[in-house]
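Asker: Next one to model:
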Amino acid sequence: MATKRHNTIVIAACFFISLAIIVNPFNRKPAKTSASLLAKTFRTQNGWGYEILVNDTVFIHQETIPCVPGHSGFRKEEQAAKTADLIINKLKRGQLPTVTIFEQEQICPLRENDKPGKSQ
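Answerer: The predicted structure is shown next:
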């Protein structure tokens with residue numbers, strides 16, 4: 001009788017230890033990265049552009065308005081800075097660093113000849 005009880009306790013202990021080992025990795029939260037994200041604007045031949053730096057290393061170098069064909073730079077430094085901030089916010093949320101035409105229109109209304117599908 002004592003052997004049977006001992007075996008039951010050993011089996012139960014093994015079950016709970018195994019369960020703890022299996023479940024534990026799923027309870028871990030991903031470590032937060034402490035990457036430093038910084039935006040810098042710069043003057044180009046065609047207006048303004050921006051860079052996104054991750055830990056002081058250039059991650060994105062953008063000389064033209066995203067999603068606009070051709071080589072149009074931002075007309076104002078503020079527009080380049082706002083677009084860079086949008087990209088940084090997307091990166092912080094784990095999203096792709098892309099800009100849609102709608103988002104770009106909100107930051108700086110595009111000239112008619114800058115809109116995609118228009119002949120230049």
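Asker: use CA for all of it now, contacts and neighbours both
Answerer: OK.
Asker: just the helices in this protein please.
Answerer: 2-27, 77-92, 101-107 (DSSP state H).
Asker: Lowest average pLDDT across these?
Answerer: For the helices of the chain, mean pLDDT drops lowest on helix 2-27, to a mean of 61.
Asker: What is the neighbour count of the residue lying closest to T98 once chain neighbours are set aside?
Answerer: Spatial nearest neighbour of T98, chain neighbours left out: I87 (6.9 Å); criterion: CA to CA, 6 or more residues apart in numbering. I87 has 20 neighbours, counted by other CA atoms under 10 Å.
Asker: Kindly report the same for the one 4 residues further on.
Answerer: Using other CA under 10 Å as the criterion, L91 is surrounded by 14 other residues.
Asker: measure it to A35 for me?
Answerer: Note on L91: its distance to A35, by CA to CA, to the nearest Å, is 11 Å.
Asker: again with I88
Answerer: In terms of CA to CA, I88 sits 11 Å off from A35.
Asker: And G70, by the same measure?
Answerer: With distances taken as CA to CA, G70 is found 32 Å from A35.
Asker: Name the nearest residue to N46, ignoring sequence neighbours.
Answerer: Leaving out its chain neighbours, the residue that sits closest to N46 by CA to CA, 6+ apart is G73, at 5.0 Å.
Asker: Show me what the residue nearest to F74 when sequence neighbours are not counted is bridged to.
Answerer: In space, and not counting its chain neighbours, F74 is closest to W48: 4.8 Å by CA to CA, 6+ apart. For W48, the beta-bridge partners under DSSP bridges are R43, F74.
Asker: Just list the residues touching I52, thanks.
Answerer: I52 makes contact with 37-40, 58-61, 84, 88 under the criterion CA atoms under 8 Å, 6 or more residues apart in numbering.
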